[in-house]
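>>> Starting from these lines, generate the structure:
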Amino acid sequence: MINKFVASPQEAISGIADGSTLFVGGFGHVGVPYCLIDALIESGATDLTVVANNAGVGETGLGAMFKEGRIRRIVCSYPRSTGSVWFERRFEAGEVELEVVPQGTLTERIRAGGAGIGGFYTTTAVGTELAHGKETRVFEGRVHLLEEALRADAALIAADQGDRWGNLTYSATARNYGPTMAAAATLTVVEVRREAPLGDLDPETVVTPGIFVDRVVVTGGREVTVQS
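All right, here's what the predicted structure looks like:
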């Protein structure tokens, strides 16, 4: 019998090793897998490369990982958000490498990884510092940059509901990077607000099919205080 539910966040993230590359879902405070991140910090995993939208806020989520010195490199669109104090401290100290990627390009690089596409050409960032060292081609008279797909050893994402086969639904904008990250990772770990009995989820509402999911843990959601 297929049952992808595990008993705890600690069990869900087990096996993620030092030096791993991780996708971490979320946009600001929305859709962040806080419980999985806390469990990962507790596990002691370090020297990590993280691919995410931003570099965390305050002392929760990725902010907590930066505070604990667990992230060696981050690939993101917005490294400096309101309250992103720990990323800034680590970066200014030379302890973290940063790759800035335009948001649409970041999304497409992750999607390409899940689709088995090696890369794609885009006009975004042409003529900027972000184009340095990248292959270019001309299409219809316009210069395009080659952007390579992104894949990860593991993805940590949050969803609204999940069943024991790993089928997932999301709540509004909390969906953000979850579906593409799930498809592009070798191991996909999900925290859900609520367990759905098998057969309860309308197939038309399932965004991430269970084939892309390896482990699911019910956390009930987590309230986060936004720091101004």
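
>>> ok, what's across the strand from the most centrally placed residue in the chain?
Nearest to the centroid of the C-alpha atoms of the chain, with distances taken as Cα atoms, centre = their mean, sits Val24, at 2.4 Å. Beta-bridge pairing for Val24 (DSSP bridges): Leu156.

>>> Check Ile74 too.
Where Ile74 sits in a bridge, its partners, by DSSP bridges, are Val50, Leu98.

>>> And Leu146, by the same measure?
Using DSSP bridges, the bridge partners assigned to Leu146 are Tyr121.

>>> show me the contacts for it.
Gly119, Phe120, Tyr121, Lys134, Glu135, Thr136, Arg137 (Cβ atoms under 8 Å, 6 or more residues apart in numbering). Glycine gets a C-beta too; all of them are placed from N, C-alpha and C.

>>> Contacts only, for the nearest residue to the fourth one once chain neighbours are set aside.
Spelled out, that is Lys134. Nearest residue to Lys134 in three dimensions, chain neighbours excluded: Leu145, at 4.8 Å (Cβ to Cβ, 6 or more residues apart in numbering). Leu145 makes contacts with Tyr121, Thr122, Thr123, Thr124, Ala125, Val126, Ala131, Lys134, Glu135, Thr136, as judged by Cβ under 8 Å, 6+ apart.

>>> Just name the closest of these to Ser20, please.
Checking the contacts of Leu145 against Ser20 with Cβ to Cβ, the nearest one is Lys134 at 25.5 Å.

>>> That closest one against Glu147, yeah?
Yes - if you go by Cβ atoms under 8 Å, Lys134 and Glu147 touch, sitting 7.4 Å apart.

>>> who's more crowded, these two?
Between Lys134 and Glu147, counting by other Cβ atoms under 10 Å, Glu147 is the more crowded of the two (22 against 13).

>>> separation between that one and Cys35?
Between Glu147 and Cys35 the computed distance is 32 Å (Cβ to Cβ, to the nearest Å).

>>> Surely the residue nearest to the centre of the chain and Val51 touch.
Yes - shown here, Val24 and Val51 form a contact pair, counting by Cβ under 8 Å, at 7.2 Å.

>>> The longest helix along the chain: how far from the chain's middle?
When the chain is parsed with DSSP state H, its longest helix is helix 103-115. Computed by Cα atoms, centre = their mean, to the nearest Å, the chain-centroid distance of helix 103-115 equals 11 Å.

>>> Once you drop chain neighbours, what's closest to Thr205?
Among residues not flanking Thr205 along the chain, Thr169 sits closest, at 5.2 Å (Cβ to Cβ, 6+ apart).

>>> got a pLDDT number for Glu223?
Looking at Glu223, its pLDDT stands at 44.

>>> in the chain, which spans are helices?
Using DSSP H, the helices of the chain run over residues 9-12, 34-43, 62-67, 85-92, 103-115, 178-184.

>>> Contacts only, for Val206.
By Cβ under 8 Å, 6+ apart, the neighbours of Val206 are Asn167, Leu168, Thr169.

>>> Let me know the closest of those to Leu62.
Leu168 (21.5 Å).

>>> Dig out what that closest one forms beta bridges with.
The partner residues for Leu168, given DSSP bridges, come to Gly162, Thr208.

>>> Near it, how many residues? Count them for me, please.
Per other Cβ under 10 Å, the neighbour tally for Leu168 reads 30.
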